[in-house]
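1. Structure of the sequence below:
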Amino acid sequence: MLRKQLGNRADEEILPGCSRFELRWSMLKHPLRFGSTAELQWFVAETDALRRIRSDVSTPLRYRLIGETRRWVMRDWRLGSSSGGSEGGSPPRVPEYDRLRSLLELRERFGHGEMEHWSEERWEEFTLQVLWRVCRDGMAIVPAECLRITPLPVRHRDWLLRATGVDSDVLVHGVLIPFCAAYVDQGLAHWSIPSREKGFFHAFIQLYRLSFGPADAWRRSLSQELRRWEQANIGPIEAILESLEVLGVPVEEWDEFLTATVLALRGWAGMIWFLENHPERAIQPLTPGSLWGYVAIRLLLERLALTYLARERLNYTGDLRHLRTELARQVGPPSPPSVEQRAFVIFQLAQVLGWTPEQLFHLLPDQWLRLWQEIESFSAVERRRLFHLAYEQRFLTQALDAIHIHNRRLPPRRTRVRFQALFCIDEREESLRRHLEELAPEAETYGVPGFFYVPMYYRGLHDAHFVPLCPVTLKPRHWVEEVVQEDQQPVWEIQERTRQMWGQASHRLHTGSRGITIGALLSGLVGSLAVIPLVLRTFLPRYTARLGQWCSRWLGQPPVTRLQLQRTNPEPAPTPGGIGFTPEEMADCTERVLRDIGLTRRFAR
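-> Numbering: from 1, shown residues only. The predicted model follows:
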């Protein structure tokens, strides 16, 4: 997959003896450590990173790395020469001379006079120390103006986090998350949020516009702002435009700023968008415009949190329009990765690729720059994208290989097929399908998608709502319902009314027992009645069980039902007369299934 993605660029040489494919393959194959400068300095000082070669380096490569370093040191390290020539040869370049002096100082620290008696572990540690210094010195000679600088953050929160270490999103999310959970609730909560049918924006205003309550210090002015919006009849779009103006976000940054704002709380914005745009898949769909309301409320909360934290942490009481400028002045311009950050990445790659310190020592500044630019272009996001593509390709290859092997050993053609059965391609159906093939070799089985190319909204006899039965990428246009036979309709209506009364009573008892006042009353009244079934189950267990079974049969005896498949109206609709399919639509669905599985002739008789 990597070579396929690179194309003709795969064999381009990045360093002598190392192609782009080899470099990127090593970055994918071996885990690399990244981090801040302080973190990497601690890691180097407190671990054996400069004493033992990585464990994922092969033994031959490890011996080669140590052996080449030993020969280079014993043969070429003289103060006037670094390239293996005679002592009277041309002197080395000045930067190369300075770097060699640094390595000679390292040799003296290890004990120059005892090199012939160094152990294998000593040479391994010395090799890594030399390799680290070569990588660090090599990255130091790369001009800083040639390095790519991290893009400036667009959100005020990111600037404030850099300047103070305090995250304003913690305050904002503490309010948003509980409200979002209550807003997207599908009937599982004990109480529904007030004014939910008016949308996210107005429901939030109705709940938080009250001036009393134990509000946090940073959102003391929240109720005042919400009341102002309500009195001025400001909608979500107008509120968003107001917040963008207050925060000083120019028009050309709106797309990037709003995208980063929505993604700051991952999951909730996507859930709101999905429930808003796919109401057929929700029991309680959301009001159109809920996502705009979410963005408007979030921007208001961010304004309040930024104002509070800037005043408390930075003593800044100015306009929010100039907050980013002030924070940028305090933080300073962004800088490229430090020498240690860049050097440590190359230090790790040198071990797994077998780059010796001598090879890296003689690289020119433009070669160091080219190497780092290639490493930087293959970012973590790009590596994850490639891993995902490789996973999909591997799954596809395995599936196609299995189909190919199966086709090469097809069973002999049956002269007579007793019957043909269609199963869902889901793996849970495979065991049933294989079992049937073993019991009835004269049968033919086929696999089709589980919805059998019949996308529809279905409602069972005891269901309260229609639910889609098809993949999430499809939107059904037909409705199917389970109904009771006409001769059993009177009995069914009595059972249904009884079941509804029992369900409502149970629900009210359940919710009422969670309250303070009603819960206390129910505990005193109903609690004593719970002794009756306890006594009956203890002293008359057989009769109690029979009584329970009789009640269950009377309340839950399933009537004879049928599916309402054929409709009478020309257009489908979830109303009487519009439920079902026309005969032509049924024939089209059947033809689609049979043609896709290849069953167009030799039908079982």
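2. contacts, neighbours, all on C-alpha from now
-> Noted.
3. chain center to the helix or strand containing His404, what's the gap?
-> Taking DSSP states H and E as the criterion, His404 maps to helix 380-408. Mean C-alpha position of helix 380-408 versus that of the full chain (C-alpha atoms, centre = their mean, to the nearest Å) differs by 21 Å.
4. Just the CA coordinates for the helix or strand just after it, please, in PDB.
-> Scanning forward in sequence from helix 380-408 by DSSP H and E, the next helix or strand is strand 420-424. Coordinates of each C-alpha in strand 420-424 appear next as PDB, following Å, rounded to 0.1, in the frame of the first residue of the first chain:
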ATOM      1  CA  GLN A 420     -33.300 -22.900  -2.500                       C
ATOM      2  CA  ALA A 421     -32.800 -20.800   0.600                       C
ATOM      3  CA  LEU A 422     -31.600 -17.200   1.000                       C
ATOM      4  CA  PHE A 423     -29.700 -16.100   4.100                       C
ATOM      5  CA  CYS A 424     -28.300 -12.800   5.400                       C
END
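5. Mind giving me the packing neighbours of strand 420-424?
-> Contacts defined by 3 or more C-alpha pairs under 8 Å, 6 or more residues apart in numbering; DSSP states H and E place strand 420-424 against strand 444-448.
6. Check what contacts the strand it packs on and list those residues.
-> 417, 419-425, 433, 437, 593, 597 (C-alpha atoms under 8 Å, 6 or more residues apart in numbering).
7. just for the stretch 51-200 of the chain, where's the confidence low?
-> For the stretch 51-200 of the chain, applying pLDDT under 70 flags the ranges 77-99, 112-113.
8. and if you look at the chain?
-> Looking at the chain by pLDDT under 70, you get 77-99, 112-113, 212-214, 408-415, 514, 524-527, 552-558.
9. again, 50 this time
-> Judged by pLDDT under 50, the chain has its weakly predicted residues at 79-94.
10. that older thread, mind listing what's buried in the helix holding His404?
-> Of all the residues in helix 380-408, those buried under the rule 16 or more other C-alpha atoms under 10 Å are 383, 386.
11. Could you do stretch 326-338 as well?
-> By neighbour count with 16+ other C-alpha under 10 Å, stretch 326-338 contains the buried residues 326-328, 336-337.
12. Among those residues, which one lies nearest to Gly512?
-> For the buried residues of stretch 326-338, the minimum distance to Gly512 (C-alpha to C-alpha) is 52.5 Å, reached by Leu327.
13. so how far is Pro236 from that closest one?
-> 29 Å (C-alpha to C-alpha, to the nearest Å).
14. for Leu6, same thing?
-> 46 Å.
15. what's the neighbour count on the nearest residue to Arg227 once chain neighbours are set aside?
-> Nearest residue to Arg227 in three dimensions, chain neighbours excluded: Arg209, at 5.8 Å (C-alpha to C-alpha, 6 or more residues apart in numbering). Neighbourhood size, Arg209 [other C-alpha atoms under 10 Å]: 18.
16. thought Arg209 was touching Arg220?
-> No. Taking C-alpha atoms under 8 Å as the definition, Arg209 is not a contact partner of Arg220, at 10.8 Å.
17. can you pull the buried residues of the host helix or strand of Ala305?
-> Using DSSP H and E, Ala305 sits in helix 290-314. Within helix 290-314, the residues scored as buried using 16+ other C-alpha under 10 Å are 290-310.
18. just the buried residues of stretch 326-338 now: which is nearest Thr517?
-> Nearest to Thr517 among the buried residues of stretch 326-338 is Leu327, at 52.6 Å by C-alpha to C-alpha.
19. Quick check: the closest one is in a strand.
-> No. Assignment of Leu327 by DSSP: H, G, I helix; E, B strand; the rest coil gives helix, placing it outside any strand.
20. returning to that earlier point: just list the residues touching the residue nearest to Arg227, thanks.
-> When contacts are counted by C-alpha under 8 Å, 6+ apart, Arg209 touches 222-224, 226-227.
21. Got phi/psi on it?
-> Torsion angles at Arg209 (phi, psi; degrees, to the nearest 10) stand at phi -80, psi -10.
22. quick one: the strands in this structure?
-> Secondary structure of the chain (DSSP state E): strands located at 13-15, 18-19, 420-424, 444-448, 456-459, 467-469, 479-484, 561-564.
23. which other residues reach the longest one?
-> So the one you mean is strand 479-484. 456-461, 466, 492, 559-565, 572-574, 578-580.
24. Pull out the buried members of those.
-> By 16+ other C-alpha under 10 Å, the contacts of strand 479-484 give 456-459, 466, 492, 563-565, 572-574, 578-580 as buried.
25. May I ask which two of those residues are separated the most?
-> Trp492 and Pro572 (26.4 Å).
26. State the distance from the residue nearest to Arg155 when sequence neighbours are not counted to Pro153.
-> In this structure, Arg155 finds its nearest non-sequential neighbour in Phe257, 6.4 Å apart by C-alpha to C-alpha, 6+ apart. Counting by C-alpha to C-alpha, the gap from Phe257 to Pro153 is 9 Å.
27. do the same with Arg592
-> Arg592 is 52 Å from Pro153, where distance means C-alpha to C-alpha.
28. Check Glu376 too.
-> 19 Å.
29. This structure - how does it break down into domains?
-> Following automatic domain parsing, one finds the domains of the chain at 2-149+336-378, 156-331, 379-410, 449-485+560-605, 488-557.
30. could I get those domains as CSV with distance to Pro441?
-> Output for the domains of the chain, formatted as CSV (distance: least, C-alpha to C-alpha, whole Å):
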stretch, distance to Pro441
domain 2-149+336-378, 44
domain 156-331, 41
domain 379-410, 14
domain 449-485+560-605, 14
domain 488-557, 39
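31. Go through those and name the closest to Glu429.
-> Evaluated with C-alpha to C-alpha, the domains of the chain place domain 449-485+560-605 nearest to Glu429, the distance being 9.7 Å.
32. Compute the first-to-last residue distance for the closest one.
-> 25 Å.
33. same thing with stretch 483-497?
-> Stretch 483-497 stretches 16 Å from its first residue to its last (C-alpha to C-alpha).
34. From the chain's centroid, how far away is it?
-> The chain centre lies 48 Å from the centre of stretch 483-497; the measure is C-alpha atoms, centre = their mean.
35. Flag every buried residue along that stretch.
-> Judged by neighbour count using 16+ other C-alpha under 10 Å, the buried positions of stretch 483-497 are 483-484, 492, 495.
36. ok, how many other residues are close to Leu534?
-> So Leu534, with other C-alpha under 10 Å, has 12 neighbours.
37. Same check on His435?
-> 10.
38. and it, how far is that from Pro441?
-> To Pro441, His435 is 10 Å away according to C-alpha to C-alpha.
39. Next, show the common contact partners of those two.
-> If you check His435 and Pro441 against C-alpha under 8 Å, 6+ apart, no residue is contacted by both.
40. residues in contact with stretch 324-340?
-> Stretch 324-340 has contacts (C-alpha under 8 Å, 6+ apart) with 37, 40-41, 136, 139-140, 144, 147-152, 156, 159-160, 162-163.
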